[in-house]
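Undergrad: give me coordinates for this.
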Amino acid sequence: MKGNLYLIPTTLGNNEPLKVMPISVKSVVESLTYFIVENEKSARRFIKKITPNKSQPSLDIKLIDKYVDPIEVNTYLDVCMDGISIGLLSEAGVPAVADPGSDVVALAHKKGIKVIPLVGPSSILMAMMASGMNGQSFAFNGYLPIDKADRKREIKRLERLSKEHKQSQIFIETPYRNLKMLDDLTTTLLPTTNLCIAADITMPKEYIKTFTISEWIHKKPELHKIPAIFIIHAQG
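TA: Numbering: from 1, shown residues only. Just a heads-up that it's a prediction; the model follows:
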């Protein structure tokens, strides 16, 4: 029998894993020795936190980041062919969603390896849940352009899409550029367009609010260097 590929979520911040995910995640991590991760240091920290008694020297950890050779990645699941299961570990939240790892998952399907997603916090879905916007039709757009003019054009495009299709538009930004993003949103979007800002999700200072752009102009929160999700929904 082939081993499985487990998609293992991690916390969204420095909180206790079992406060935001089921005990089944702990059980799976305890059973595994092989892991594919984006950042070895943070992965080991999470593994240590959720399974304190697990031997760190025994772990076999492979990296999947922008520097890894794709040819090497193709060998990562070889142990599964020998009946050994492996875990794909996100640096924050769930693997392969706005996070590296989808290529590994695709490879598992090609090799006939069972893919098992585990329950855990997803900032994208949790923000959508709490936004009050259209949960029947929404799109995740990743990062918007860095160039200010290009970013403003993309913001207007997403607003048009939202209005035409009644679809909520979700995107993220590098935490240190959050304030620039908020300034661009409040100066580019229509006053009646709704904007949800969801920051520090699952953390003690969690902040999730939805207002129109005209209201946000007077309610700008402190978002510098805080992980945040932005969702817009234009009124028809």
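Undergrad: who's G87 bridged to?
TA: In this structure, G87 bridges to Y6, F35 when assessed by DSSP bridges.
Undergrad: from R44, how far off is it?
TA: Taking Cβ to Cβ, to the nearest Å as the measure, G87 falls 13 Å from R44. From N, CA and C alone the C-beta is placed, and that goes for glycine too.
Undergrad: the more surrounded of these two?
TA: G87 (25 against 17; other Cβ atoms under 10 Å).
Undergrad: how near is the more buried one to R153?
TA: From G87 over to R153 (counting by Cβ to Cβ), the distance is 40 Å.
Undergrad: swap in T10?
TA: T10 sits 35 Å away from R153 when distances are taken as Cβ to Cβ.
Undergrad: likewise S122?
TA: S122 sits at a distance of 28 Å from R153 (criterion: Cβ to Cβ).
Undergrad: need the strands for this structure, in chain order.
TA: Secondary structure of the chain (DSSP state E): strands located at 5-8, 34-37, 60-63, 86-89, 115-117, 138-143, 168-172, 194-199, 207-212, 228-233.
Undergrad: how about the third one: buried residues?
TA: Pointing back at strand 60-63 there. Using 16 or more other Cβ atoms under 10 Å as the test for burial, strand 60-63 gives 61-63.
Undergrad: got a list of contacts for that strand?
TA: Contacts made with strand 60-63 from outside it, assessed by Cβ atoms under 8 Å, 6 or more residues apart in numbering, are listed as 33-40, 43-44, 76.
Undergrad: what helices and strands are in contact with the lengthiest helix in the chain?
TA: Using DSSP state H to assign secondary structure, the helix with the most residues in the chain is helix 148-165. Under the contact criterion of 3 or more Cβ pairs under 8 Å, 6 or more residues apart in numbering; DSSP states H and E, the helices and strands touching helix 148-165 comprise strand 168-172, helix 178-188, strand 228-233.
Undergrad: how about the ones you listed in TSV, adding distance to K54, mean neighbour count and mean pLDDT?
TA: Formatted as TSV, the helices and strands packed on helix 148-165 follow (distance: least, Cβ to Cβ, whole Å; neighbours: other Cβ atoms under 10 Å; pLDDT from 0 to 100):
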stretch	distance to K54	mean neighbour count	mean pLDDT
strand 168-172	31	23	98
helix 178-188	36	17	96
strand 228-233	32	24	98
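Undergrad: any chance of the strands of the chain in JSON lines, plus distance to D69?
TA: JSON lines is the format used below for the strands of the chain (distance: least, Cβ to Cβ, whole Å):
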{"stretch": "strand 5-8", "distance to D69": "20"}
{"stretch": "strand 34-37", "distance to D69": "14"}
{"stretch": "strand 60-63", "distance to D69": "10"}
{"stretch": "strand 86-89", "distance to D69": "18"}
{"stretch": "strand 115-117", "distance to D69": "23"}
{"stretch": "strand 138-143", "distance to D69": "24"}
{"stretch": "strand 168-172", "distance to D69": "27"}
{"stretch": "strand 194-199", "distance to D69": "36"}
{"stretch": "strand 207-212", "distance to D69": "40"}
{"stretch": "strand 228-233", "distance to D69": "32"}
